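> turn this into a structure:
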Amino acid sequence: MRTSLLAPLAVACMGLTGTAAMADQLADIKAKGTLVCGVLGTSQPFSYPNAQTRQIQGYDVDFCEAVAKSLNVKLEIKPISVAARIPELLQKRIDVVAANLGWTPERAQQIAYSDSYYAALQKVAVKHGAFAKSTDLAGKKVSATKGSTSEAAIKAFLPTATPVTFQDPPSAFLAMQQGKVDGFVVSEMMLVQLKQQSEKTSPIDILEPQLAEELWGIGMRKEETALINHVNKTLQGMEASGEAARIFDKWMGADTEFKMQRGFTIKPIKG
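Predicted coordinates:
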């Protein structure tokens, strides 16, 4: 008789345990009232310090803010390095990552990507007049940020070149300026800014053709289906309402130093 009484109790306990195990991150974020978003914090106009307030601002930050707003929670911005983006996410130190995170098959095996909210071209920069086109860098030393899609683009597009990696884009760019490497690969957006900044002292050329096009997504943990669906729904709403285009224009459009046009829309990333 005792056994028959204990069995249903054990089943009930197992049910409670299963329910607890299935408590998802979306519910946790709402419960704690904060979304922790990892950004680089050193990549203008995507995430960088405001000169007056020193608060991190930019394109990536605005998308993090939109997701936080959709959840009715506060946003906490956490600056992270390029190499730490996926480890910080998998170790649950951040909830999502919006940090120039280009899609690659290798990364997609580790984490889930939202729909793409930005499309970046990977290009190579050289000292003014040093080379005519990007294919001229075959067999040369080319710098990039360690663990970035820029490094992957060098290996794919210039297989005979030697990638020389650094912890951040400014260090990789400085190596090119100092003649330690022949070229420097990073997103077109950053190269436009660096070209403007260095024009008077040490001019550079941005070469064609591009090395690669990468689609950026917001990174999340694979098992968090509810959060992934919510983020994608938020992004699609931003596209439909025009908010996504307004954020682009705010940071990169005709009235900014970059004067770029938005040639993409938010859409699923197809690997």
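
> can I get stretch 144-154 as PDB, trimmed to CA atoms?
Presented in PDB, the C-alpha positions along stretch 144-154 are these (Å, rounded to 0.1, in the frame of the first residue of the first chain):
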ATOM      1  CA  ALA A 144      43.000  41.100 -38.600                       C
ATOM      2  CA  THR A 145      41.400  40.800 -35.200                       C
ATOM      3  CA  LYS A 146      42.000  37.400 -33.700                       C
ATOM      4  CA  GLY A 147      39.000  35.100 -34.000                       C
ATOM      5  CA  SER A 148      37.100  37.400 -36.200                       C
ATOM      6  CA  THR A 149      35.400  36.900 -39.600                       C
ATOM      7  CA  SER A 150      38.000  39.200 -41.000                       C
ATOM      8  CA  GLU A 151      40.600  36.600 -40.200                       C
ATOM      9  CA  ALA A 152      38.400  33.900 -41.800                       C
ATOM     10  CA  ALA A 153      38.000  36.100 -44.900                       C
ATOM     11  CA  ILE A 154      41.800  36.300 -45.300                       C
END
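
> quick one: mean pLDDT over it.
The average pLDDT for stretch 144-154 rounds to 93.

> just the strands in the stretch 101-250 of the chain please.
In the stretch 101-250 of the chain, the strands defined using DSSP state E, counting those that start in this stretch lie at 112-113, 118-127, 141-145, 162-166, 183-187, 204-216, 219-220.

> out of these, nearest to residue 175?
Across those, residue 175 has its closest neighbour in strand 141-145 (4.7 Å, CB to CB). The way it works is simple: take the backbone N, C-alpha and C, and place the C-beta from them, glycine included.
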